[in-house]
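> Turn this into a structure:
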Amino acid sequence: MQCRMPRREFLWGIGAIAAATAVPSFPGASLRGSERLYPPMDLSYFDTPISPGPGEIHFGYASITWNGNDRQAIEDIAALGFPGIQLRSNVLKEFASATELRDLLEKHHLKMVALSSGGVRIDPAVEAEEIAKHTANAKFVHDVGGLYLQVTDDRPKDRAITPADYARLGKLITEIGKRTADLGISLGYHNHMGSLGERPEEVDQILQATDPRFAKLELDVAHYFQGGGDPAKAIEKYQDRLLFLHIKDVEPVPDSERGKRPFRFVELGRGRVDLPAVLAALHKVNFRGWAIVELDVVPDKSRTPKESGAISKKYLQEKLGVTV
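Residues are numbered from 1 along each chain as shown. So this is what the prediction gives:
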């Protein structure tokens, strides 16, 4: 049986509720003898701006120094005490499945921070192929439990570079980033000597051509320095675009030893990059994320990759006061 309330009584009830709730909000207000619905509150707390949290940098190490022997790299990097690792795309062939790699990393208590996915070609004829390749690599990162995908670019060698090249690269990286984002993997562009993003002004053009929602900057401080830039200033400039970093050092090669290039990468503290300024800049912008120590090859062939890693770790701890 339904019970209908006369319209006049219904409207009277609504008015009574409204009147009962329209009470003064200042402390001490009463509800005509009844208890308050809520205790008095000091709302001035919400007028105080919330300060950003302090920076929190996690240090990992890149496997590139082991030149494809990633199982040894995983063992050595874990033994050095680094909690994270960056791997290269050769691991897709080295391991039978993402599960096998994930299990090995978990066994060594290592986080897969990033995968170096290689260069992006801006040739229109292969753009679809490039998007598919890097998207597949991002799927592998996802399945391993990793965080980021890193891409560089292949600078055209047979012609002059035009502004359209930077626009095309930015658009292509954005398209790749949209697809990696669907997989939960963030995309970082790695500035690199010999690429379209070699010099600071070139990095600017590429980032301006990308959608910041889908493409971030993976700043390599040694490549940026070698390209003529100040990496500490770059950290401040791109603080809203920083995904992660390569912490790296570089020195000029004596004329008598020069081969294809006039510089070589060295262990931390043995080159010309102002690493204390880099760390200070990261703290200044309250960077929270990963910094991967990288060394392409061991500069002194009498040392092993693990020994070079120990040198860089010692510098971080003793000179920069970092706890790895």
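> Find the residue at the geometric middle of this protein.
Central residue of the chain (C-alpha atoms, centre = their mean): Leu243, 2.3 Å from the mean position.
> Please determine how far that residue is located from Thr180.
11 Å (C-beta to C-beta, to the nearest Å). Yep, even glycine has a C-beta here, placed from its N, CA and C like the rest.
> Remind me which helix or strand the residue nearest to the centre of the chain belongs to.
Element membership of Leu243 [criterion: DSSP states H and E] is strand 242-247.
> Enumerate the positions of that strand that are buried.
When burial is assessed from 16 or more other C-beta atoms under 10 Å, strand 242-247 yields the following buried residues: Leu242, Leu243, Phe244, Leu245, His246, Ile247.
> any chance of those residues in CSV, plus distance to Leu115 and pLDDT?
Below are the buried residues of strand 242-247 laid out as CSV (distance: C-beta to C-beta, whole Å; pLDDT from 0 to 100):
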residue, distance to Leu115, pLDDT
Leu242, 18, 98
Leu243, 13, 98
Phe244, 12, 98
Leu245, 16, 98
His246, 14, 98
Ile247, 18, 98
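> of all these, which comes closest to Ile292?
Proximity of the buried residues of strand 242-247 to Ile292 was ranked by C-beta to C-beta; the top entry is His246 with 5.5 Å.
> Distance of the closest one relative to Ala181?
Distance from His246 to Ala181, by C-beta to C-beta: 22 Å.
> ok so, going back, now for the residue nearest to the centre of the chain: which residues touch it?
Leu243 is in contact with Tyr148, Ser186, Leu187, Gly188, Lys216, Leu217, Glu218, Gly289, counting by C-beta atoms under 8 Å, 6 or more residues apart in numbering.
> Need the buried ones from the residues you listed selected in PyMOL.
The buried residues among these can be selected in PyMOL (16+ other C-beta under 10 Å) with this line:
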select buried, resi 148+186+187+188+216+217+218+289
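> mind listing the helices in this structure by residue range?
7-21, 70-80, 91-94, 98-107, 127-144, 163-182, 200-208, 221-226, 231-237, 275-284, 305-318 (DSSP state H).
> Mean pLDDT lowest where, among these?
If the helices of the chain are sorted by mean pLDDT, helix 7-21 sits at the bottom with a mean of 47.
> ok, back up a step: of the contacts of Leu243, which belong to strands?
Tyr148, Ser186, Leu187, Gly188, Lys216, Leu217, Glu218, Gly289 (DSSP state E).
> show me the contacts for the closest residue to the fourth one other than its chain neighbours.
Leaving aside its sequence neighbours, Gly188 sits nearest to Glu218 (C-beta to C-beta, 6 or more residues apart in numbering; 3.2 Å). When contacts are counted by C-beta under 8 Å, 6+ apart, Glu218 touches Ala114, Tyr148, Gln150, Gly188, Tyr189, His190, Asn191, Leu243, Phe244, Leu245, His246.
> Give me the pLDDT for Glu218.
You'll see Glu218 listed with a pLDDT of 98.
> Also Gln150?
98.
> Kindly report the same for Phe46.
Phe46 is given a pLDDT of 58.
> Can you verify my assumption that Ala98 contacts Val144?
Yes: counting by C-beta atoms under 8 Å, Ala98 touches Val144, with 4.8 Å between them.
> So those two - more neighbours on which side?
A direct count of neighbours by other C-beta atoms under 10 Å for Ala98 and Val144 places Val144 higher, at 24 against 19.
> what sits against the more buried one?
Val144 is in contact with Ala98, Leu101, Arg102, Leu105, Met112, counting by C-beta under 8 Å, 6+ apart.
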